[in-house]
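No letters, just coordinates:
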């Protein structure tokens, strides 16, 4: 059965993620050691012992890329190949590496810098997850843009959309939602208004850092992009990653593309099962599962220690 491999974004990291696989598979440990050499700090210690550092954007991002790629490489070593790859936000970088489009070590260095830039250059703002029909959320966003920049930032499922923007605009939207029966919202603890035009300064700086990391003559690859929910076509990957930082994540629309491609199995690698839950809420007939432990490898992939 053809599969799509999914990689989660920032916020899914947790202390001890994939520790069981790390302990039991040398091939997995090799990738983690490669990551440590590329970054100049101990990624295993970061992921398994240092929860305070792991909560910081500049460390969480390379940690998640490492766990995702180490997991996929292990599956590859056992003979598994995926037809397509996708990720949520940061997870798209992991997908680009897994698909062979970007270099692992260079991408780790890039996302480490990406995290620093997001902290340094994000303008003040906030985000909130809204549980309502997507059309309702888009109407709420339009109604409150008079209070400042406000956009839909993450289309997670048809019934869950994250909004992002200036605090006054997000607060106004939350106040409106409070009086609605058909919607509810949860403010998110984030460092800035991610995936909004307020990230443009960080995106400009990131575009400068991307030089030499992405292929100069990018050729289409098997990654379904957050930017437009389409399979990546030949073009300017540097511009694509710029747009990726300032524009919305079209996750459930990407799942619709997966469906249209005839794929019925989705596997989440790296940390947790957030994306699996999104799949189940969007297309409950799809076979969706995550790989976090050696037991998962044996149970789902028939890989034994």
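Ah, there it is. From a predicted model like this one, the values you see are computed outputs, not experimental measurements.

longest strand in the chain, by residue count?
Across the chain, the longest stretch assigned as strand under DSSP state E is strand 150-157.

who touches that strand?
For strand 150-157, the external contacting residues (Cβ atoms under 8 Å, 6 or more residues apart in numbering) are 88-89, 127, 129, 134, 137-138, 141, 144, 161-166, 169-170, 173, 193-197, 248-253, 278, 281-282. For every residue, glycine as well, the C-beta is placed using N, CA and C.

try 6 Å
141, 144, 161-165, 169, 195-196, 248-252, 278, 281-282 (Cβ atoms under 6 Å, 6 or more residues apart in numbering).

Same check on stretch 91-108?
7-9, 35, 38-39, 62, 65, 68-69, 72, 85-87, 111, 213, 221-223, 226.

ok, residue 90 touching residue 8?
No: in this structure residue 90 lies outside contact range of residue 8 using Cβ atoms under 6 Å: 8.0 Å.

I'd like to know which elements the helix or strand harbouring residue 129 is packed against.
Assigned by DSSP states H and E, residue 129 falls within strand 126-131. The contact analysis (3 or more Cβ pairs under 6 Å, 6 or more residues apart in numbering; DSSP states H and E) places strand 126-131 against strand 160-165, helix 167-178, strand 184-188.

Need the winner for burial among the ones you listed.
Comparing these by mean neighbour count (mean count of other Cβ atoms under 10 Å), strand 160-165 ranks first with a mean of 27.

Count residues in the vicinity of residue 30, would you?
Using other Cβ atoms under 10 Å, residue 30 has 14 other residues around it.

where's residue 223 relative to residue 22, distance?
Separation of residue 223 from residue 22 (Cβ to Cβ, to the nearest Å): 26 Å.

higher neighbour count, these two?
Here residue 223 and residue 22 are compared on neighbour count by other Cβ under 10 Å; more neighbours surround residue 223, at 26 against 20.

for the more buried one, what are its contacts?
85, 95-96, 99, 232.

Would you map the strands across the stretch 151-300 of the chain?
For the stretch 151-300 of the chain, the strands defined by DSSP state E, counting those that start in this stretch occupy 160-165, 184-188, 249-250, 265-269, 287-291.

Pull up the pairing partners for the second one, direction included.
This means strand 184-188. strand 126-131 (antiparallel) (DSSP bridges).

Also compute the angle for the strand it pairs with relative to helix 167-178, please.
20 degrees (axes from the mean of the first three to the mean of the last three Cα atoms, to 10 degrees).

what sits up against strand 126-131?
Residues contacting strand 126-131 (Cβ under 6 Å, 6+ apart): 137, 160-164, 167, 170, 174, 184-188, 190.

quick check, nearest of these to residue 204?
Closest approach to residue 204 among the contacts of strand 126-131 (Cβ to Cβ): residue 164, at 18.2 Å.

The nearest residue to that closest one once chain neighbours are set aside: how many residues sit nearby?
Excluding its sequence neighbours, the residue lying closest to residue 164 (Cβ to Cβ, 6 or more residues apart in numbering) is residue 153, at 3.6 Å. The tally of other residues near residue 153 (other Cβ under 10 Å) stands at 26.

With residue 99 instead?
Count around residue 99 with other Cβ under 10 Å applied: 18.
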